[in-house]
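J.: Got a sequence here, can you model it:
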Amino acid sequence: MQALRGQQQIQTGLYTEAQRQRRDSSPWTLVQGILAPLQFLVFLVSLGLVLNTLLTGAGAGAANASVLLKTLLLYTIMVTGSLWEKDVFGKYLFAPAFFWEDVVSFAVIALHTAYVVCLFGGYLTETRLLLLALIAYAAYVTNAAQFLLKLRAARLQQAGART
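T.: Predicted coordinates:
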C-alpha cells in the first residue's frame, strides 16, 4: 500500500488511479509528449552530423551546433520532466516509479554538460570531443529506452484496467 495525500491507495502498477488522473490533467504531460520526440529527432540528425565529421573531418561546426541544440533540449526536458513528476507523484525527482530513469538522466546530463564544458573550454581535440558526444548519446539512448519501457508498461496497465 502507498500513502498518498492522506489516503491509502493500492499501488497496482506504475500509477495509482489518483496518479493517473494527475498525469492526464497535468500540462507537463503534453509538454513531455512534444519534447521527447523532438529531442529524439534532433538526436538522430546530430548523430549523423557527428558521425559524418568523425569519418570525413568536415562539418565540425554543424556537428557541434547540433550537439548543443540536443543538450539544450535535454536540459529543457529534464526541467519540465521534474515539474511533471511533481504534479503526478508529489516530488520533483526520484519518485519510486521513475527512480532509475532519473538516476540515468543525471548521468546523461553530466555527459552532455561535460561536452559543453570541453567545447567552450577547448579541453579536448575535435575528435575526442565528438567521441564524448557519442558516449553522451549512448547514455541518452539507454535512458530513452528506459522511458519507452515505462510508457509501454503504463499503456499495458491502462489496457488491463479497462478489461
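J.: Would you map the strands across this structure?
T.: Along the chain, counting by DSSP state E, strands occupy 2-4, 7-9.
J.: who's in contact with R22?
T.: Listed by CB atoms under 8 Å, 6 or more residues apart in numbering, the contact set of R22 reads 87-88. Heads up, the C-betas are built off the backbone N, CA and C, glycines and all.
J.: For L54, see how far away it is.
T.: R22 sits 44 Å away from L54, going by CB to CB, to the nearest Å.
J.: the longest helix in the protein is where?
T.: helix 126-162 (DSSP state H).
J.: A65 is in contact with T53, correct?
T.: No: with contact defined as CB atoms under 8 Å, T53 does not reach A65; the gap is 11.2 Å.
J.: Of the two, which one has the most company?
T.: Using other CB atoms under 10 Å, the more surrounded residue of T53 and A65 is T53, with 22 against 13.
J.: mind listing what that one touches?
T.: 59-60, 62-63, 126, 130.
J.: Quick check: chain neighbours aside, which residue is closest to it?
T.: Distances taken as CB to CB, 6 or more residues apart in numbering place A63 nearest to T53, at 4.2 Å, with adjacent residues excluded.
J.: re earlier: show me which of the contacts of T53 are buried.
T.: Among those, those that count as buried by neighbour count (16 or more other CB atoms under 10 Å) are 59-60, 63, 130.
J.: Show me the residues you listed that map onto helices.
T.: Within those, residues falling in helices by DSSP H are 60, 63, 130.
J.: possible to save those as JSON lines with distance to I34 and pLDDT?
T.: As requested, those are exported to JSON lines (distance: CB to CB, whole Å; pLDDT from 0 to 100):
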{"residue": "A60", "distance to I34": "30", "pLDDT": "98"}
{"residue": "A63", "distance to I34": "25", "pLDDT": "98"}
{"residue": "L130", "distance to I34": "28", "pLDDT": "98"}
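J.: between those residues, which is nearest T29?
T.: Set against T29, the nearest of these by CB to CB is A63 (32.8 Å).
J.: Quick check: the gap between that closest one and V50.
T.: Distance from A63 to V50, by CB to CB: 5 Å.
J.: Give the residues shared as contacts by the two.
T.: 130, 133.
J.: these two touch, right, V116 and T71?
T.: Yes: at 5.9 Å, V116 counts as touching T71 under the criterion of CB under 8 Å.
J.: more crowded one of these two?
T.: T71 (22 against 16).
J.: and that one, what is it in contact with?
T.: 112-113, 115-116.
J.: List the buried residues in stretch 147-154.
T.: Within stretch 147-154, the residues that count as buried by 16+ other CB under 10 Å are 147, 154.
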